[in-house]
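> okay, sequence plus prediction incoming.
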Amino acid sequence: MAGYGNDEDGYVGLTTPIFAVVSGTNLGIGTSSEFGSGQQVLSIANITTTAPTSLGFFGGILYVQSGHLFYLGAAGLVTQVASS
């Protein structure tokens, strides 16, 4: 199963899935093949555009940039969770 967006036909002009469940065991965000030979793992692709800077809602954003894992909280604070 893969998700490409939320327009009527399910695509937003992308060739890479926004998310993919591969073989029922791995979950990829922005990738459907980079799991490092692991099973039951989550893989998050590097962002390809500018990092997020603010939220319009309560919650947070988890993203990967240059292999580093970041969290942007509702107050606008960016925290590096892990480095590559």
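That came through, no problem. Residues are numbered from 1 along each chain as shown.
> low-confidence regions, this structure specifically.
By pLDDT under 70, the low-scoring segments of the chain are 1-19, 22-24.
> 90 instead, please
Low-confidence regions of the chain, defined by pLDDT under 90, span residues 1-62, 73-77, 84.
> buried ones in stretch 55-63?
Tyr63 (16 or more other Cβ atoms under 10 Å). (C-beta placed from N, C-alpha, C; glycine too.)
> C-alpha coordinates for that stretch, CSV please?
Extracted C-alpha coordinates of stretch 55-63, given in CSV (Å, rounded to 0.1, in the frame of the first residue of the first chain):
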residue,chain,number,x,y,z
LEU,A,55,3.0,25.2,12.8
GLY,A,56,-0.5,26.4,12.3
PHE,A,57,-1.8,23.9,14.9
PHE,A,58,-1.0,22.3,18.2
GLY,A,59,1.2,19.3,17.7
GLY,A,60,4.6,18.8,16.2
ILE,A,61,6.5,17.8,13.1
LEU,A,62,9.1,15.1,12.9
TYR,A,63,11.5,15.3,9.9
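> wait, Gly59 touches Ala75, no?
No: in this structure Gly59 lies outside contact range of Ala75 using Cβ atoms under 8 Å: 11.2 Å.
> can you count the residues close to the nearest residue to Phe58 once chain neighbours are set aside?
Computed as Cβ to Cβ, 6 or more residues apart in numbering, the closest residue to Phe58 that is not its neighbour in sequence is Ala74, at 5.0 Å. Per other Cβ atoms under 10 Å, the neighbour tally for Ala74 reads 13.
> now Ala74: phi and psi?
With angles defined as degrees, to the nearest 10, Ala74 sits at phi -60, psi -30.
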